[in-house]
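[1] Just need the structure, nothing else, for what follows:
(2 chains)
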2 protein chains.
Amino acid sequence: MAEFELIEKFFKNNGGRADVILGIGDDCAVVQVPPQHQLAITTDTLISGVHFPVDTSPYDIGYKSLAVNLSDLAAMGATPAWVTLALTLPEADENWLIEFCRGFFTLAKQFGMELIGGDLTRGPLSITVQAQGFLPEGKALRRCGAKAGDLIFVTNTLGDAGFALREKILEDRLNRPEPRVRVGEKLLGIASAAIDISDGLAADLGHILKSSHMGATIIVDHLPLSAALKKSVSADKAISFALNSGDDYELCFTVSPENENLISQISHDTNVSITCIGKITSQKTFTLQFENGKTYDGKITGYQHF
Amino acid sequence: MAEFELIEKFFKNNGGRADVILGIGDDCAVVQVPPQHQLAITTDTLISGVHFPVDTSPYDIGYKSLAVNLSDLAAMGATPAWVTLALTLPEADENWLIEFCRGFFTLAKQFGMELIGGDLTRGPLSITVQAQGFLPEGKALRRCGAKAGDLIFVTNTLGDAGFALREKILEDRLNRPEPRVRVGEKLLGIASAAIDISDGLAADLGHILKSSHMGATIIVDHLPLSAALKKSVSADKAISFALNSGDDYELCFTVSPENENLISQISHDTNVSITCIGKITSQKTFTLQFENGKTYDGKITGYQHF
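    Numbers count the residues shown, from 1 in each chain, chains lettered A, B, ... in the order given. Just a heads-up that it's a prediction; the model follows:
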């Protein structure tokens, strides 16, 4: 089947958004950003054997390739709108494509997104997704706004995806992360800084601290851990997973103390647990300690892309 | 060198456009589309050994990966603005990156574009570029607007890139196509349909005909051929290259007869030769003939992506 037929069969007519003036099928897509809004743009590539195990199902590959991009939109507080897909496949395997599309479009539909374009090429399996979302002018949640005394929060639980990668259990946490889009949207005007946790909490919170020229104190026994993780490994090991392992795609954000009371309402409205794990400090150090004041002396790492 | 250091060293701070609210370095870029404008979005992947010969220089890979996307913007009449780059490399080779960036940014600068984001991953060499440009509301040059009696034009000469691919001469035509952005912009409100020639004139004009529900008559001895191509191969062979070989990245567009006189002015203003090669017909056939009325009976093909 030729590229055009494959596109016609699998990718066209998936949306129907009124702001898509011209979707798949011309040289470019043409879209319209609503008045008083800016556009958030993000792109992520997933390579077989690097960003997902080679035996990952095509459904999960389709799902995850969009999810990691949605997670970036969530970290800015943006509302998802459009997506493009550059898909490189060793061969035009229709069964593979059916499953890939099922995963991809399940998530796209959930967030009202429309696939507006892409490219289908032959080569080693690789997926590059670019997602676009709307932000009210000047309201983006950036990494650089954390202030001394701000509280540090994370959504849901940490470490499960990293554990799944090594132990081949809890695999939904690895393969089907839930992008925290609705939390991100509600944090506009409330959070002072935000990031999504793709490389591990320590590494990603590190980006906020570096951009904000701040330090932090983290209470390691406040790190939210799933019952499954706690049951499977020692307390020390669980903390290490939560701090250092990637692929969680939860949000980490900072909030000034006067906004603290708004967070439980957001948690309630979005049905996502949100936990305070520490505080931003003006002293530019990254301090990890237990609630009882004892220093945590475990190793801190972050995912290295090269 | 880690991903972040590579990005810092090679890709950050390349632009300075006022409409880039937030460039490289956060979870998303944030950009602002000007009032009364829509956004044209296109993406293309280049794979080593598929879209360029494996011995192509990194400079030319950088140049071409942006050029093919600019060519899509040109085909819509859009004015280039922003670009993202998803680059997958087998290893972080700094010399390779220096040359790649030289090619990429030479072209980006020429069209005033800013690199606003991307992803750098390890894997088999693959480059996915996404380019964004502005269009006055409702003015996009689409494939579907050709009408019976419209004249068919192409820019510059055809067939050189395809010849270069086989014969290893004229390689600048293959590796450094000149995106016809300035021609495209001037065709807004003048051309009835447009496409860029990436898969060969016959295949790409075919897309206009299919979208517009029209046919065409092409006068094959009016096809613009370079002196170098004419010198190197027989007249028949040269016509075949012009009709069937890809990678030219010239524009093919249709214009109603009353706008014909505007085309020579556009050619003069942009310093790009523009040639009338035939006419749109209401009869849905694709007729190829010589000026003397004799039918052209050479083979017609188009690039197959799978």
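[2] tell me the contacts of residue A:65?
    The contact partners of residue A:65, by C-beta atoms under 8 Å, 6 or more residues apart in numbering or on different chains, come to A:44, A:46, A:85, A:104, A:127, A:129. Just so you know, the C-beta spots here come from the backbone N, C-alpha and C atoms, and that holds for glycine as well.
[3] now swap in residue A:164 and tell me
    Residues in contact with residue A:164 (C-beta under 8 Å, 6+ apart) are A:170-175.
[4] go again using 7 Å as the cut-off
    Neighbouring residues of residue A:164 by C-beta atoms under 7 Å, 6 or more residues apart in numbering or on different chains: A:170-171, A:173-174.
[5] next one: residue A:259
    residue A:190.
[6] From residue A:76, how far off is it?
    Separation of residue A:259 from residue A:76 (C-beta to C-beta, to the nearest Å): 18 Å.
[7] so residue A:42 makes contact with residue B:28?
    Yes - counting by C-beta atoms under 7 Å, residue A:42 does reach residue B:28; the two are 4.3 Å apart.
[8] Common neighbours of those two, please.
    A:72-73.
[9] just the helices in chain A please.
    A:3-10, A:58-76, A:94-110, A:160-167, A:171-175, A:181-186, A:201-212, A:227-232, A:235-244, A:260-270 (DSSP state H).
[10] Buried deepest among the ones you listed, which one?
    Of these, the one with the most neighbours on average (mean count of other C-beta atoms under 10 Å in any protein chain shown) is helix A:58-76, at a mean of 26.
[11] how about residue A:235, what does it touch?
    No contacts exist for residue A:235 under C-beta under 7 Å, 6+ apart.
[12] pLDDT score assigned to it?
    We have a pLDDT of 94 for residue A:235.
[13] what does residue A:50 give?
    Per-residue pLDDT puts residue A:50 at 86.
[14] Near it, how many residues? Count them for me, please.
    By other C-beta atoms under 10 Å in any protein chain shown, the residues close to residue A:50 number 15.
[15] Low-confidence ranges, chain A, go.
    Low-confidence segments of chain A, defined by pLDDT under 70: A:1, A:13, A:302-306.
[16] So which residue is dead centre in it?
    Nearest to the geometric centre of chain A sits residue A:71, at 2.6 Å (C-alpha atoms, centre = their mean).
[17] That one contacts residue A:176, doesn't it?
    No - in this structure residue A:71 lies outside contact range of residue A:176 using C-beta under 7 Å: 12.0 Å.
[18] Just the closest residue of the stretch 1-150 of chain A to chain B, please.
    residue A:3 (3.4 Å; C-beta to the nearest C-beta).
[19] check contacts around the nearest residue to residue A:29 once chain neighbours are set aside.
    Distances taken as C-beta to C-beta, 6 or more residues apart in numbering or on different chains put residue A:116 closest to residue A:29, at 3.8 Å, once the chain neighbours are dropped. Residue A:116 sits next to A:20, A:23-24, A:29, A:31, A:82, A:84, B:41 when contact means C-beta under 7 Å, 6+ apart.
[20] Just give me the closest of those to residue B:281.
    Using C-beta to C-beta, residue A:24 comes nearest to residue B:281 of those, at 27.4 Å.
[21] Now that closest one. Nearest residue, chain neighbours left out?
    residue A:12 (5.0 Å).
[22] now do residue A:266
    Closest to residue A:266 by C-beta to C-beta, 6+ apart is residue A:186, at 4.6 Å.
[23] which ones are touching that neighbour?
    The contact partners of residue A:186, taken as C-beta under 7 Å, 6+ apart, are A:266, A:269-270.
[24] Apply 10 Å and report the result again.
    A:77, A:180, A:262-263, A:265-267, A:269-270 (C-beta atoms under 10 Å, 6 or more residues apart in numbering or on different chains).
[25] Could you do residue A:82 as well?
    Contact criterion C-beta under 10 Å, 6+ apart gives A:15, A:17, A:19-20, A:23, A:29, A:31, A:33, A:39, A:41, A:108, A:113-117, A:130-134, B:39, B:41 as the residues in contact with residue A:82.
[26] can you check residue A:84 too?
    Residue A:84 makes contact with A:24, A:29, A:43, A:115-119, A:128-132, B:41-43, B:128, B:130 under the criterion C-beta under 10 Å, 6+ apart.
[27] please redo it, this time with the cut-off set to 8 Å
    Contacts of residue A:84 (C-beta under 8 Å, 6+ apart): A:29, A:115-118, A:129-130, B:41, B:43, B:130.
[28] same question, residue A:129
    Contacts for residue A:129 (C-beta under 8 Å, 6+ apart) come out as A:43-44, A:46, A:65-66, A:68-69, A:83-86.
[29] any idea how far residue A:262 lies from chain B?
    Using C-beta to the nearest C-beta, to the nearest Å, one obtains 22 Å as the distance from residue A:262 to chain B.
[30] Grab the nearest non-local neighbour of that residue.
    With C-beta to C-beta, 6+ apart as the criterion, residue A:262 has its nearest non-adjacent residue at 5.5 Å, and that residue is residue A:190.
[31] Can you verify my assumption that that neighbour contacts residue A:255?
    Yes - the pair residue A:190 / residue A:255 is scored as a contact, 6.3 Å apart, by C-beta atoms under 8 Å.
[32] shared neighbours of those two, which are they?
    A:262-263.
[33] So which of the two has more stuff around it?
    Between residue A:190 and residue A:255, counting by other C-beta under 10 Å, residue A:255 is the more crowded of the two (25 against 17).
[34] Bridge partners for the more buried one, pull those for me.
    residue A:151, residue A:191 (DSSP bridges).
[35] Which residue is the nearest non-sequential neighbour of residue A:16?
    residue A:114 (7.1 Å).
[36] Quick check: residue A:209 vs residue B:109, distance?
    34 Å.
[37] Could you do residue A:301 as well?
    38 Å.
[38] Next, count neighbours for residue A:191.
    Residue A:191 sits with 28 neighbouring residues when counted by other C-beta under 10 Å.
[39] Could you do residue A:289 as well?
    Residue A:289 - counted by other C-beta under 10 Å - has 16 other residues nearby.
[40] quick one: contacts for it?
    Counting by C-beta under 8 Å, 6+ apart, residue A:289 touches A:217-220, A:295-296.
[41] Which PyMOL command selects the buried ones in those?
    Buried residues among these (16 or more other C-beta atoms under 10 Å in any protein chain shown), as a PyMOL selection:
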select buried, chain A and resi 217+218+219+220+296
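[42] now, among the contacts of residue A:289, which is nearest to chain B?
    Within these, the smallest distance to chain B is 20.6 Å, found for residue A:218 (C-beta to the nearest C-beta).
[43] Residue A:287 is in contact with that closest one, correct?
    Yes - contact criterion C-beta under 8 Å: residue A:218 and residue A:287 qualify, at 7.1 Å.
[44] who's in contact with residue A:112?
    A:17, A:80-81.
[45] Quick check: the gap between residue A:232 and chain B.
    Relative to chain B, residue A:232 is positioned 30 Å away (C-beta to the nearest C-beta).
[46] And that residue, how far from residue A:240?
    13 Å.
[47] Over to residue A:59?
    Using C-beta to C-beta, residue A:59 is found at 31 Å from residue A:240.
[48] One more: residue A:139?
    From residue A:139 to residue A:240 the distance is 36 Å (C-beta to C-beta).
[49] list the contacts for residue A:211?
    Contact analysis of residue A:211 by C-beta under 8 Å, 6+ apart lists A:142-144, A:193, B:25-26.
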